[in-house]
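Asker: For reference, the sequence and a predicted model appear below.
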Amino acid sequence: MAESTTTEVKKREPLFSKKNQKLLTTPLNDDNPITVQVLGICSALAITVKLMPALVMSLSVLFVMGVGNVVISLIRNAIPNRIRIIVQLVVVATLVIVVDQVLKAFVYDVSKQLSVFVGLIITNCIIMGRFEAFALANKPWQSFLDGVGNAAGYAWVLLVVAFFRELFGSGQLFEIPVFGSNIPGEESGLYALGYFNNGLMLLPPMALIVVGIIIWVQRSKNRELIEEN
Amino acid sequence: MDTNSNGYTFLFATIMVVVVGVLLAFLATSLKPLQDANVAMEKKQDILSTVGYPKAETSREEADELFGQVITEQLVLNSKGEPVEGIEAFNVDMATQLKLAPEEKTYPLYISEKDGKKFYIVPLRGKGLWGPIWGYVSLEEDLNTVYGASFDHKSETPGLGADINKPFFQDQFAGKQIMKDGEFKSIEVVKGASQGDYQVDGISGGTITSVGVQAMLKDCISFYLPYFNKVKSNSGQMTMNAAAE
């Protein structure tokens, strides 16, 4: 009697299974890189004076994390253990240089506004943090989702902070005045009624306070995030 | 293959470096024309901003178009104040010129004539805290009063030295003077409150950059003194000739 060989059928996990979806959604809230993991705070303070640079920074980090996580995951079995941090660093640095060159060529004004902060994406702990914690031990698609999820979590916090800072600090959103004109001698809208822009909003301490308020709101909605002291 | 062996580690590192190097070199070379065009247009924006075309109100494309109309003459001068032929003023690289010996330097000068008034725009380049700083200063026909100034930098500290490219710092220079009683005095960038026609306020927390601007103004403008003296004596001659007729 011939033995029937049954080949093991490996069930391929659907691209957007529950588990994979969680990789995208958890960093948006419960495991948010800025408000929960407390990473990437520096750019949350420096880049959020106006919405446009915050948006460009978010897209840059999204690109670096998405592509970076995939690259690291693809070569994860080939990286010699002793130089793995160096390899991660090289991957981040290369991707950031790519971003920097592209910005200088295609959106020069924004690249000037971001100035030294583009290079500082390399030092953004979120990126190396996810490489080490996730991409090194997981498959490319999952790593991509994790990268995109964390970048999205970072992005929404950045955009919310920038929204409030630009609105109350300059009376503008994406450089479009929303409260009227505040040119001396030609005041209109709210400014004609005596409203002044809040200069403090343009300074880093206010950014930290806004991030603190976001953390406060988040924790009052999700009691589990509060540490036991 | 044992990924932790010395040989493999070396091989991996070498291949990684080569791949990354090739990739970045290719990217940088392909994008260079676009980047250089952006930088050139910004240079035009900066020069125009010193003669009444604020950067915030003139886009790079507009500056590109207006430049030819607003800047009526471009000269390249040597250290004796004599015009040098055969060199494009716009293409002179101040960074390279700075490193040459004084007798070998050739700096550009931009002249703009508007509504019967003539302005002389002097390019500047110097050292900030973390890297180079540069700018343009336009002088009125008396070659003494400043009409406008614009500054920029590569990597000064954001919020501190980097603010030399903001209007609040640049607008101070309008109306200041560089000559006192026939002698070149330049403009000082001071700590604390500035007084008079020869000083402007420095940036709090950006002392080294401010001092860099001061030094840059003095060193670069003094190069043009021989040429300016010639222009002044020529116009003095013309005034005397006109009076004699």
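Answerer: Cool, got the structure.
Asker: longest strand anywhere in chain B?
Answerer: The strand spanning the most residues in chain B, taking DSSP state E as the definition, is strand B:117-127.
Asker: Direction included, what does it pair up with?
Answerer: strand B:106-114 (antiparallel), strand B:132-139 (antiparallel) (DSSP bridges).
Asker: downstream neighbour of the last one in the secondary structure list?
Answerer: Right, strand B:132-139. Next helix or strand after strand B:132-139 toward the C-terminus (DSSP states H and E): strand B:146-153.
Asker: what about the helix or strand that that next one is followed by, near chain A?
Answerer: Next helix or strand after strand B:146-153 toward the C-terminus (DSSP H and E): helix B:167-170. No: Helix B:167-170 stays clear of chain A (CB under 8 Å from any CB of the partner chain), getting no nearer than 12.7 Å. No exception for glycine: its C-beta is placed from N, CA and C like everyone else's.
Asker: Pull out the buried positions in the longest strand of chain B.
Answerer: Neighbour counts using 16 or more other CB atoms under 10 Å in any protein chain shown place B:118, B:119, B:120, B:121, B:122, B:123, B:124, B:125, B:126 of strand B:117-127 among the buried residues.
Asker: which outside residues touch that strand?
Answerer: In this structure, residues lying in contact with strand B:117-127 by CB atoms under 8 Å, 6 or more residues apart in numbering or on different chains are B:47, B:50-51, B:71, B:94-95, B:97-98, B:107-113, B:132-141, B:143, B:147, B:151, B:212-213, B:215-217, B:219-221, B:224, B:228.
Asker: at 6 Å instead, please
Answerer: B:47, B:50-51, B:94, B:98, B:108, B:110-112, B:133-139, B:141, B:147, B:212, B:215-216, B:220-221, B:224 (CB atoms under 6 Å, 6 or more residues apart in numbering or on different chains).
Asker: Drop anything exposed from the residues you listed.
Answerer: B:47, B:50-51, B:94, B:98, B:108, B:110, B:112, B:133-139, B:141, B:147, B:212, B:215-216, B:220-221, B:224.
Asker: Could I get the contacting residues of residue B:187?
Answerer: B:176, B:198, B:217.
Asker: In chain A, mark out all the helices, start to finish.
Answerer: Listed in chain order, the helices found in chain A under DSSP state H are A:18-25, A:41-46, A:51-74, A:84-106, A:108-114, A:125-133, A:140-170, A:204-221.
Asker: which one of the contacts of residue B:187 has the most neighbours?
Answerer: residue B:217 (26 neighbours; other CB atoms under 10 Å in any protein chain shown).
Asker: tell me the contacts of the residue nearest the centre of chain A?
Answerer: The centroid of chain A falls nearest to residue A:154 when counting by CA atoms, centre = their mean (3.0 Å). Neighbour list for residue A:154: A:33, A:34, A:40, A:61, A:126 [criterion: CB under 6 Å, 6+ apart].
Asker: Residue A:34 is in contact with the last one, correct?
Answerer: Going back to what we said before, that points to residue A:126. No: using CB atoms under 6 Å, residue A:126 makes no contact with residue A:34, being 8.1 Å away.
Asker: Now do the buried residues in the worst-scoring helix or strand of chain B on mean pLDDT.
Answerer: For chain B, the helix or strand with the lowest mean confidence is helix B:225-244, at a mean of 80 (criterion: mean pLDDT, DSSP states H and E). Across helix B:225-244, burial judged by 16+ other CB under 10 Å covers B:227, B:228, B:232.
Asker: Next: stretch A:156-176.
Answerer: Here stretch A:156-176 shows A:157-158, A:160-172 as buried, counting by 16+ other CB under 10 Å.
Asker: Show me the shaky parts of chain B.
Answerer: Applying pLDDT under 70 to chain B flags residues B:1, B:239, B:242-245.
Asker: coming back round to it: among the buried residues of stretch A:156-176, which two are most distant?
Answerer: A:157 and A:171 (22.5 Å; CB to CB).
Asker: Of the buried residues of stretch A:156-176, just say which sits nearest to residue A:83.
Answerer: Distances from residue A:83 to the buried residues of stretch A:156-176, taken as CB to CB, are shortest for residue A:158 (32.0 Å).
Asker: Test my guess that the closest one contacts residue A:56.
Answerer: No: using CB under 6 Å, residue A:158 is not in contact with residue A:56, being 10.4 Å away.
Asker: Quick check: what element follows the longest helix along chain B along the chain?
Answerer: Among the segments of chain B that qualify as a helix by DSSP H, the longest is helix B:6-49. Next in sequence after helix B:6-49, counting helices and strands by DSSP H and E, comes helix B:60-70.
Asker: For the most centrally placed residue in chain B, name its beta-bridge partners.
Answerer: Nearest to the mean C-alpha position of chain B, by CA atoms, centre = their mean, lies residue B:135 at 2.7 Å. Going by DSSP bridges, residue B:135 is paired in beta bridges with residue B:124, residue B:151.
Asker: Near residue A:89, how many other residues are there?
Answerer: Counted with other CB under 10 Å, residue A:89 comes out at 15.
Asker: Spatially nearest residue to it (excluding sequence neighbours)?
Answerer: residue A:128 (7.2 Å; CB to CB, 6 or more residues apart in numbering or on different chains).
Asker: what's the burial count for the one you found?
Answerer: Neighbour tally, residue A:128, other CB under 10 Å: 19.
Asker: Repeat that for residue A:44.
Answerer: Applying other CB under 10 Å, I find that residue A:44 has 26 neighbouring residues.
Asker: how much space is there between it and residue A:52?
Answerer: 16 Å (CB to CB, to the nearest Å).
Asker: Same check on residue B:83?
Answerer: From residue B:83 to residue A:52 the distance is 44 Å (CB to CB).
Asker: Which residue of these two possesses the greater neighbour count?
Answerer: Applying other CB under 10 Å to residue B:83 and residue A:52 shows that residue A:52 carries more neighbours, namely 19 against 12.
Asker: from the contacts of residue B:187, which is closest to residue B:29?
Answerer: Minimum separation from residue B:29 among these (CB to CB) is found for residue B:217, which lies at 36.3 Å.
Asker: Does anything pack onto the helix or strand where that closest one lies? Which helices or strands?
Answerer: Using DSSP H and E, residue B:217 sits in helix B:207-223. If contacts are counted by 3 or more CB pairs under 6 Å, 6 or more residues apart in numbering or on different chains; DSSP states H and E, helix B:207-223 sits against strand B:117-127, strand B:188-190.
Asker: Tell me how many other residues crowd residue 91.
Answerer: If you meant another chain, say so; for now it's chain A. Around residue A:91 there are 24 residues (other CB under 10 Å).
Asker: if you could check chain B rather than the one you did, that'd help
Answerer: 9.
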